[in-house]
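Trainee: Quick check, what structure comes out for this input:
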Amino acid sequence: MRTLCFLICTLTASVAVADDAVVIKFGGTIFGDYSYTANGVRPSSFQITRAYLNVTGTITPLISFRITPDIARESGNGSSLAGSQPFRLKYAYGQLNLDQWATKGSWVRLGAQQTPYLDFTESSYRYRFQGTIFSEREGFLTSSDNGVSVHYNLPGERGDVHAGYYNGEGYAKAETNAEKAFQVRASVQAMKGLKLTGFANLDHSNATTERSRFIAGATYEHAHANAGIEYLVAHDAVDARGWSAWVTPRLGNGFEALLRYDTLQPNTTLSATRTRDIVGISYWMRGPKGTAAAILLDRDHAQDPARVDDTRFGVHVLLAF
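Mentor: Numbers count the residues shown, from 1 in each chain. Take a look at the predicted model:
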């Protein structure tokens, strides 16, 4: 497997003519899995759930860019594309690097880009290849959108702020109205490894209907485990509240456990709640810097008063280079 990781790494190409010339790098990410549902809610299947092709580059020390086509499985909901794997654009942005005027790692982006909260959280929660995090899985946030944003690192690695102005519909949908979403995340390092985060998404689904999300959370990174917790309040036509907690203890020799619990009250005027618990064990293979390869065996159990309980067993694979 180390040989495989090395070969994947060598596929990453760089093109450069001089020290100050355009530099272009190619890479990719693959999520694959096999799932079996215990109660027959859906058929067992092998599938590639997602494939990214990454093109990143530097035009000058001030200007860089990223282009990432996304190939993903379409879900149901009556779509004529249900079950197909359309080719669409997830990221396509230009970036003005502000290192000369601000702290290192500060920038301004314009285009289809990462939204502030999900990208930040997934840097600690490494199991995107098992499934999305709580706020995205429940449909409250999207990982990419078209807009403009600014990122600023606090001095002394004490945290960062990321704020943006977006369409609000997400990268997979066209804009539907004149309303725009303002999103802002602020994170501070309370102690070594521990970051406290506040996030707000202020939007309207139309001129008179508010669509907002607020999240308070914490992530903790340690040599022996990563962990996180978030509490979400959302408002659309109705109010929703929920929370999620996860921990990934490292067991040694590349093995790691995944423990996660989500709970959501979709309508706070009703007592009904839906929950999800995930238990798994993974093996992360060693590879060259800039690559990742992992396999996860898990049990994903979802309960919803309006639906039949869904208990799924899966084998998930991650390859990134």
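
Trainee: Show me the helices in the stretch 51-200 of the chain, by range?
Mentor: 116-122, 134-137 (DSSP state H, counting those that start in this stretch).

Trainee: Same list (these) but as a markdown table, adding mean pLDDT, mean neighbour count and distance to residue 167.
Mentor: (Glycine included, C-beta is placed from N, CA and C.) As requested, the helices of the stretch 51-200 of the chain are exported to a markdown table (pLDDT from 0 to 100; neighbours: other Cβ atoms under 10 Å; distance: least, Cβ to Cβ, whole Å):
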| stretch | mean pLDDT | mean neighbour count | distance to residue 167 |
| --- | --- | --- | --- |
| helix 116-122 | 97 | 22 | 15 |
| helix 134-137 | 97 | 22 | 17 |
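
Trainee: export those to a markdown table and tack on distance to residue 288?
Mentor: Below are these laid out as a markdown table (distance: least, Cβ to Cβ, whole Å):
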| stretch | distance to residue 288 |
| --- | --- |
| helix 116-122 | 22 |
| helix 134-137 | 30 |
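
Trainee: so where do the strands sit in the stretch 1-150 of the chain?
Mentor: 14-15, 23-37, 45-58, 63-72, 87-97, 107-114, 144-153 (DSSP state E, counting those that start in this stretch).

Trainee: Mind checking those for the one nearest to residue 218?
Mentor: strand 144-153 (19.1 Å; Cβ to Cβ).

Trainee: Residues contacting the closest one, please?
Mentor: Outside of strand 144-153, the residues within contact range by Cβ atoms under 8 Å, 6 or more residues apart in numbering are 90-91, 98, 102-116, 159-171, 175, 180-181, 183.

Trainee: Return that strand as CSV; C-alpha atoms alone will do.
Mentor: The C-alpha trace of strand 144-153 is given here as CSV (Å, rounded to 0.1, in the frame of the first residue of the first chain):
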residue,chain,number,x,y,z
SER,A,144,-19.1,25.5,-1.6
ASP,A,145,-20.9,28.6,-3.0
ASN,A,146,-20.3,31.4,-5.5
GLY,A,147,-19.2,34.7,-3.9
VAL,A,148,-16.4,36.7,-2.5
SER,A,149,-14.7,36.1,0.9
VAL,A,150,-11.8,37.3,3.0
HIS,A,151,-9.7,35.3,5.5
TYR,A,152,-7.5,36.7,8.2
ASN,A,153,-5.2,34.8,10.6
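
Trainee: Can you give me the distance of residue 150 to residue 318?
Mentor: 31 Å (Cβ to Cβ, to the nearest Å).

Trainee: These two: which has the busier surroundings?
Mentor: Taking neighbours as other Cβ atoms under 10 Å, residue 150 and residue 318 compare with residue 318 leading, 22 against 17.
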